[in-house]
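Undergrad: sequence plus the predicted model coming up.
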2 protein chains.
Amino acid sequence: MAAGARMIAEMGEQPDVLRRMIARADGLADSVRAIAPRPLAGTAIVARGSSDHASVYGRYLLELATGRPVSLAAPSLHLLYGARVDYRGQLAIAVSQSGRTPEIVTTLTRLRDSGARALAITNDAGSDLAAAGDALVALDAGAELAVPATKTVTAELLAFALIARALGEVPFSDADLAALPDAVTWVLQDVEPARRAAFALVGDTRLVVTARGLLLGAAFEAALKLQETSGIAADGISAADLRHGPIAIVDAGFPVLALSAPGPAFEDVAELVVTLRERGARVLTIGEQPGADLPLPPVVEGLAPIVAVVRAQQLARELALARGRDPDAPEGLNKVTRT
Amino acid sequence: MAAGARMIAEMGEQPDVLRRMIARADGLADSVRAIAPRPLAGTAIVARGSSDHASVYGRYLLELATGRPVSLAAPSLHLLYGARVDYRGQLAIAVSQSGRTPEIVTTLTRLRDSGARALAITNDAGSDLAAAGDALVALDAGAELAVPATKTVTAELLAFALIARALGEVPFSDADLAALPDAVTWVLQDVEPARRAAFALVGDTRLVVTARGLLLGAAFEAALKLQETSGIAADGISAADLRHGPIAIVDAGFPVLALSAPGPAFEDVAELVVTLRERGARVLTIGEQPGADLPLPPVVEGLAPIVAVVRAQQLARELALARGRDPDAPEGLNKVTRT
């Protein structure tokens, strides 16, 4: 099989995976509502790696939808420190594509034993994680064989969007949801900008990826995907944080990838891009605005992270190929986290 | 004034700053207990930059002490997205050395208006942030003139330790607290290992800093301090996350800084260090174990992050000097975050 053939095939399945999940949205909402505590005291998300980045998106959407605090669980508190906690009234949501990351399963079980209602998001409906929840959101994305997770990540992002939709008001409509798969197809068919951007980054050893608000999780995921696939030391950071300390490392020629979508966070990122360019940074942009290096089709900000992540997958793959690496099997990576 | 004279002077004040705050521990506990909701539904921490790293430490300690979920607030939800939230029963803790970061003040005010009891941690008792809280934990660290925050960061870490102590059981004793300032003095007087480590890193452009559990926030802060002071692209990451995807970028000669202390997370980090060395990484260690490159004196794990951060400050300063930079005034940085 040619280098990167698996990753590109799995990336190509994303519109169908998303379409299938959107078709299940109402049933999924029923099962989430059936187990969510009322009143809901808060939501706790348990994840690691790419799933953790989907969780950052979920964190924003769920707090908007539920109006109650959303926390990202610290597994080591439960696995190493034996924390005694009271999670009554909490909805605990654990995310793992394989469903077999032991610390995620154990942490969800501990939170459930501590009073939380437990929801599992996984691609393996027969996994330990699926069994550990009071309810299951199956990604139904099919087997994922390339080491860099792609279709399971965008399915996890959509799962969070649909869970938030089940629990309250969300910043996207059902029509926006219905339009999402075609927007992903549009990006997948528009490869040339990713090739050009990969060419621009081929000699770089490090990269900062930035965004703000709803797109922040997509920036984290873009950084991880670029790092694990192409070997570039990519660091995902919020635009607000970057403007503070870390901008000190951005000097002439430093590469930055900035993600944005029309919405409340747009101006903030746009201003940062101007500042970065004034410092001589080479800024590549993923967005809907005219002149974006990696253009996105019109997608409402609430769902734009899903499309932006697909752009980043494409860039990661092209950059790996440009550097002579096999995107399907980056050196030193395993598929299942066993921490 | 010689390059780096301010930073070293302020680093040198840390034992006294800590000693003064420890002397106030019981009064501080009273004021925290006076405003904390009963029952406590959870804690939400509002911070950015170095204060955000102190918050990661606070996040672990507070969940151990209170047994209730701890969340790190997403300021953009309140500043940009106009989230309507119900924070009744929550203790909201905002941290800012200057007390003048507008988004931190505004976010705390929004959470307070939404039902939270508000606690401000700041070095300026006359600041907007101090005025925005129901109670104040004053750092009382004196003016900080060097751009890289040092004494205010360790004071913030200690503030979280003392707030957690006020609210429940903590993994350190009053005797451990009393011994802390002298441990910091020990590190400050032991400069040679930091010089040697700086020499080892002088030609590097990137660095991964790792730890797990209670020391994770210290790893994040070490990365930021190294980055903003010396210009090295340092990325702080949990040992559990690093072992998953990002280890792919660690190849022969890649520099890694690993922080640990005797305790539940020690073995996990020690095993990762072995794995990293097998991959050819150049691992520098901060810890109490024999052979650590940057040794720490015996300090209980619950307080070790404070001492480890001082080691990292020392390394950041030496590395900046070795690279011909002025640690007091890194290019492109402002003292007050205005996001």
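TA: Structure received.

Undergrad: A:V147 and A:A329 touch, don't they?
TA: Yes - applying CB atoms under 8 Å, one finds A:V147 in contact with A:A329, separated by 5.4 Å. Every C-beta, even on glycine, is put in place using the N, C-alpha and C of the backbone.

Undergrad: which SS class is A:L18?
TA: Taking DSSP: H, G, I helix; E, B strand; the rest coil as the rule, one finds A:L18 in the helix state.

Undergrad: what's the closest non-adjacent residue to it?
TA: Counting by CB to CB, 6 or more residues apart in numbering or on different chains, A:P181 is the residue found nearest to A:L18 once chain neighbours are left out, at 4.7 Å.

Undergrad: same deal with A:W186?
TA: For A:W186, the closest residue by CB to CB, 6+ apart turns out to be A:P297, at 4.5 Å.

Undergrad: so who does the one you found touch?
TA: Taking CB atoms under 8 Å, 6 or more residues apart in numbering or on different chains as the criterion, A:P297 is in contact with A:183, A:186-187, A:288, A:307.

Undergrad: report the central residue of chain A.
TA: The centre of chain A sits closest to A:A54, judged by CA atoms, centre = their mean, with a distance of 3.3 Å.

Undergrad: do you know how far that one is from B:P102?
TA: From A:A54 across to B:P102, the span is 30 Å (CB to CB, to the nearest Å).

Undergrad: ranking the contacts of A:P297 by neighbours, who comes first?
TA: Neighbour counts for those were taken using other CB atoms under 10 Å in any protein chain shown; the highest belongs to A:V187, with 27 neighbours.

Undergrad: quick check: that one is in a helix.
TA: Yes - in this structure, A:V187 lies within a helix as judged by three-state DSSP.

Undergrad: and the pLDDT for the closest residue to it other than its chain neighbours?
TA: Using CB to CB, 6+ apart and skipping the chain neighbours, the partner closest in space to A:V187 is A:V310 (5.0 Å). Per-residue confidence for A:V310 comes out at a pLDDT of 98.

Undergrad: state the distance from A:V310 to chain B.
TA: When distances are taken as CB to the nearest CB, to the nearest Å, A:V310 and chain B turn out to be 18 Å apart.

Undergrad: A:Q313 now?
TA: According to CB to the nearest CB, A:Q313 and chain B sit 14 Å apart.

Undergrad: which residues touch A:V300?
TA: Residues in contact with A:V300 (CB under 8 Å, 6+ apart) are A:171-173, A:176, A:261, A:263.

Undergrad: what's around A:A179, how many residues?
TA: Count around A:A179 with other CB under 10 Å applied: 17.

Undergrad: hang on, I meant A:L79
TA: Burial of A:L79 is recorded as 20 neighbouring residues (other CB under 10 Å).

Undergrad: I'd say it and A:I104 touch.
TA: No - between A:L79 and A:I104 there is no contact under CB under 8 Å: 10.0 Å.

Undergrad: how far away from the center of its chain is the helix or strand where the residue nearest to A:V187 lies?
TA: Take DSSP states H and E as the rule and A:V310 turns out to sit in helix A:304-322. Its chain's average C-alpha position is 12 Å from that of helix A:304-322, according to CA atoms, centre = their mean, to the nearest Å.

Undergrad: can I get that helix as PDB, trimmed to CA atoms?
TA: Only the C-alpha atoms of helix A:304-322 are listed here, as PDB (Å, rounded to 0.1, in the frame of the first residue of the first chain):
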ATOM      1  CA  ALA A 304     -16.400  25.100  11.900                       C
ATOM      2  CA  PRO A 305     -13.900  23.300  14.200                       C
ATOM      3  CA  ILE A 306     -14.900  20.000  12.500                       C
ATOM      4  CA  VAL A 307     -14.100  21.400   9.000                       C
ATOM      5  CA  ALA A 308     -10.900  23.100  10.300                       C
ATOM      6  CA  VAL A 309      -9.700  19.800  11.700                       C
ATOM      7  CA  VAL A 310     -10.100  18.200   8.300                       C
ATOM      8  CA  ARG A 311      -8.000  21.000   6.800                       C
ATOM      9  CA  ALA A 312      -5.400  20.300   9.400                       C
ATOM     10  CA  GLN A 313      -5.400  16.600   8.700                       C
ATOM     11  CA  GLN A 314      -4.900  17.300   5.000                       C
ATOM     12  CA  LEU A 315      -2.000  19.700   5.800                       C
ATOM     13  CA  ALA A 316      -0.400  17.100   8.200                       C
ATOM     14  CA  ARG A 317      -0.600  14.400   5.600                       C
ATOM     15  CA  GLU A 318       0.900  16.600   2.800                       C
ATOM     16  CA  LEU A 319       3.600  17.800   5.100                       C
ATOM     17  CA  ALA A 320       4.500  14.300   6.100                       C
ATOM     18  CA  LEU A 321       4.700  13.200   2.500                       C
ATOM     19  CA  ALA A 322       6.700  16.300   1.500                       C
END
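
Undergrad: same for that helix, what does it pack against?
TA: With contacts taken as 3 or more CB pairs under 8 Å, 6 or more residues apart in numbering or on different chains; DSSP states H and E, helix A:304-322 sits against helix A:5-12, helix A:151-167, helix A:174-189, helix A:192-201, helix A:216-230, strand A:255-259, strand A:282-287, strand A:294-295.

Undergrad: what about the third one, distance to the chain center?
TA: The offset between the C-alpha centroid of helix A:174-189 and the centroid of the whole chain comes to 16 Å, using CA atoms, centre = their mean.

Undergrad: give me the residues contacting that helix.
TA: Contacts for helix A:174-189 (CB under 8 Å, 6+ apart): A:11-12, A:14-16, A:18-19, A:22, A:25, A:154, A:158, A:161, A:296-300, A:302-303, A:306-307, A:310-311, A:314.

Undergrad: what residues sit buried inside that helix?
TA: A:176-177, A:179-181, A:183-188 (16 or more other CB atoms under 10 Å in any protein chain shown).

Undergrad: got the angle for that helix vs helix A:304-322?
TA: Using axes from the mean of the first three to the mean of the last three CA atoms, to 10 degrees, one finds that helix A:174-189 and helix A:304-322 are set 10 degrees apart in direction.

Undergrad: what angle do strand A:282-287 and helix A:174-189 make with each other?
TA: For helix A:174-189 against strand A:282-287, the angle between stretch directions is 140 degrees (the same axes, to 10 degrees).

Undergrad: tell me what angle helix A:174-189 forms with helix A:151-167.
TA: Going by the same axes, to 10 degrees, helix A:174-189 makes 170 degrees with helix A:151-167.

Undergrad: angle of helix A:174-189 against helix A:5-12?
TA: Helix A:174-189 runs at 150 degrees relative to helix A:5-12, counting by the same axes, to 10 degrees.
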